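Chemist: below are the sequence and a predicted model; questions follow.
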Amino acid sequence: MSAQNPIFIPGPTNIPDRLRHAMNTQTLDHRAPDFIDLLAPLIVDLKKVFKTESGTVLTFPGSGTGGWEASITNTLSPGDKVLVARYGMFSHRWIDMCQRHGLEVEVIDCAWGTGAPAELFKERLAADTNHEIKALLVTHNETATGVRSDIKAVREALDTSNHPALFYVDCVSSLASMDFRMDEWGVDLAVSGSQKGFMLATGMAIVGVSQKALQAMESARCPRCYFDFRDMQQTNKSGGYPYTPPLQLLYGLRESLDMLLAEGLDNVFSRHYRIAEGVRQAISAWGLTLCAKTPSLYSDTVSAIYVPEGFNSNELTDHAYKHYQVSFGVGLGEMAGKAFRIGHLGSLTDVMALSGIATLEMAMKDLGFPITLGVGVAAAQDYYRKSLRIEQTIAA
């Protein structure tokens, strides 16, 4: 029965029964002429989620990491210089991957809990008068620290500097949960996956590609085969994949997009904000502190929370799992042992969030944390009740 408990990790997320049933399909012939009837509308609706009209969307069997690799290898060459800021575990992984592909990586180190440093980017890009920097890589939502960066401000840094670098954004834990505007923000490569905002099983990388990025393929010399954009583009146009597609995930994605678009993207974003704010109210009532340095950086998909001095965050997450069969995110990188994470994205409601808050209170009390049972739950309840009345009034 414990398997019925929701999970509160920042991905993979809870899978609605509707999507599980959609993925429970018999094997079909992906070479059949009517496969395009499934694939073509998916691409059209994915563009709505990325908010792009001029770009295209490609899907690959794999995870978001596969989408990262596809983006890098299709548009860059060994020895190219790229600019990256390191402010969390996932921005660090961008750096690691670029280095492994033989790129020259210039790193701007930032404190964990801060976001993408738009002003520092602007200074460095303005100084690069020979345009040696070929790409700027940014993590929109840093899952390790619960920080959402201002992608529009980074775009403005590129524009103000009149710099032609390609603009890559990791939106794995933000797309389909928080507002993302590929065209408006001038994003050239936007990388996501199936297992977070789309509420599906892991196994599909989803990449938004601008026309500028497609043009960069003509001169890019990084080796690629499985993740070759050209192969995927050409076969998608004729209604197929260059190899066996993740058919069950494609059917799940069709149902996921139907759910998201029926709810309305603005309503999806509003729901995520509302649930996240209730969680933040609980954290404040506990007397704990978020890793994100300022409210402008707060993520609506994951909150990373410091434990008090003398406590170990890994012991807390282990205890919650062992005694209450509920999973929360462990601290990653510099946050290991210092912070735990509450994932509040995808298929989640305020009622589900309250169960996670209550579970954490029990686990913290068991371990001697200086909290009073019920204070976090009460704070979140109060917020959810009031915000729900406001939403109902507006709707009326």
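Modeler: Perfect, I can see it now.
Chemist: just to check, residue 33 is in contact with residue 39?
Modeler: No: between residue 33 and residue 39 there is no contact under CB atoms under 8 Å: 11.7 Å. C-beta here means a position set from N, CA and C on the backbone, and glycine is covered the same way.
Chemist: which residues are in contact with each of these two?
Modeler: With contacts defined as CB atoms under 8 Å, 6 or more residues apart in numbering, the residues adjacent to both residue 33 and residue 39 are residue 239.
Chemist: among the two, which residue is more densely surrounded?
Modeler: Each of residue 33 and residue 39 has its neighbours counted (other CB atoms under 10 Å); residue 39 has more, 20 against 10.
Chemist: and that one, that one's in a helix?
Modeler: Yes: under DSSP: H, G, I helix; E, B strand; the rest coil, residue 39 sits within a helix.
Chemist: next one: the residue nearest to it when sequence neighbours are not counted from residue 42, what distance?
Modeler: The shortest distance from residue 39 to any residue other than its chain neighbours is 6.1 Å, reached at residue 239 (CB to CB, 6 or more residues apart in numbering). For residue 239, the distance to residue 42 (CB to CB, to the nearest Å) stands at 12 Å.
Chemist: spit out the contact partners of the residue nearest to residue 39.
Modeler: Shown in contact with residue 239 (CB under 8 Å, 6+ apart): 33, 35-36, 39-40.
Chemist: what of residue 165?
Modeler: Counting by CB under 8 Å, 6+ apart, residue 165 touches 83, 125, 131, 133-136, 158.
Chemist: give me the buried subset of these.
Modeler: Buried by 16 or more other CB atoms under 10 Å: 83, 125, 133-136, 158, out of the contacts of residue 165.
Chemist: now name the helix or strand holding the residue nearest to residue 39.
Modeler: Under DSSP states H and E, no helix or strand contains residue 239.
Chemist: and what of residue 105?
Modeler: Per DSSP H and E: strand 104-109 holds residue 105.
Chemist: secondary structure class of the residue nearest the centre of the chain, three-state.
Modeler: Centre of the chain computed as the mean C-alpha position; nearest residue by CA atoms, centre = their mean is residue 173, 1.3 Å away. Secondary structure state of residue 173, per three-state DSSP, is coil.
Chemist: from the contact counts, what lies against the helix or strand hosting residue 255?
Modeler: Element membership for residue 255 (DSSP H and E) is helix 247-263. Counting contacts by 3 or more CB pairs under 8 Å, 6 or more residues apart in numbering; DSSP states H and E, helix 247-263 packs against helix 17-23, helix 36-50, strand 204-209.
Chemist: which parts of the stretch 201-350 of the chain are strands?
Modeler: Counting by DSSP state E, counting those that start in this stretch, residue ranges of the strands within the stretch 201-350 of the chain are 204-209, 289-290, 302-306, 339-343.
Chemist: just the CA atoms of the third one, as CSV, please.
Modeler: Spelled out, it's strand 302-306. Only the C-alpha atoms of strand 302-306 are listed here, as CSV (Å, rounded to 0.1, in the frame of the first residue of the first chain):
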residue,chain,number,x,y,z
VAL,A,302,11.4,22.6,-6.3
SER,A,303,12.4,24.1,-3.0
ALA,A,304,15.8,23.4,-1.5
ILE,A,305,15.9,23.9,2.3
TYR,A,306,18.8,24.1,4.7
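Chemist: ok, and what's touching it?
Modeler: Contacts for strand 302-306 (CB under 8 Å, 6+ apart): 10, 141, 143-146, 173, 276, 279-280, 283, 288-292, 313, 329, 331, 335, 338-345.
Chemist: so which of those sit within helices?
Modeler: Among the contacts of strand 302-306, the ones falling in helices (DSSP state H) are 276, 279-280, 283, 313.
Chemist: residue 60 in helix, strand or coil?
Modeler: Going by three-state DSSP: residue 60 is strand.
Chemist: correct me, but it touches residue 209?
Modeler: No: using CB under 8 Å, residue 60 is not in contact with residue 209, being 11.6 Å away.
Chemist: can you tell me how far residue 202 sits from residue 62?
Modeler: 9 Å.
Chemist: so for those two, which residue has more residues nearby?
Modeler: Each of residue 202 and residue 62 has its neighbours counted (other CB under 10 Å); residue 62 has more, 21 against 15.
Chemist: name the nearest residue to that one, ignoring sequence neighbours.
Modeler: residue 205 is the one closest to residue 62 (CB to CB, 6+ apart), at 4.4 Å.
Chemist: just for the stretch 1-150 of the chain, where's the confidence low?
Modeler: Low-confidence segments of the stretch 1-150 of the chain, defined by pLDDT under 70: 1-3.
Chemist: only C-alpha atoms, please: export the helix or strand where residue 65 lies in CSV.
Modeler: Applying DSSP H and E as the criterion places residue 65 in helix 64-75. Taking only C-alpha atoms (Å, rounded to 0.1, in the frame of the first residue of the first chain), the coordinates of helix 64-75 have been written out as CSV:
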residue,chain,number,x,y,z
GLY,A,64,17.4,15.3,-20.6
THR,A,65,21.1,14.6,-20.6
GLY,A,66,20.8,13.1,-24.0
GLY,A,67,19.1,16.4,-25.1
TRP,A,68,22.1,18.3,-23.8
GLU,A,69,24.5,16.1,-25.8
ALA,A,70,22.4,16.4,-28.9
SER,A,71,22.4,20.2,-28.6
ILE,A,72,26.1,20.5,-28.1
THR,A,73,27.3,18.0,-30.7
ASN,A,74,25.0,19.2,-33.5
THR,A,75,26.0,22.9,-33.3
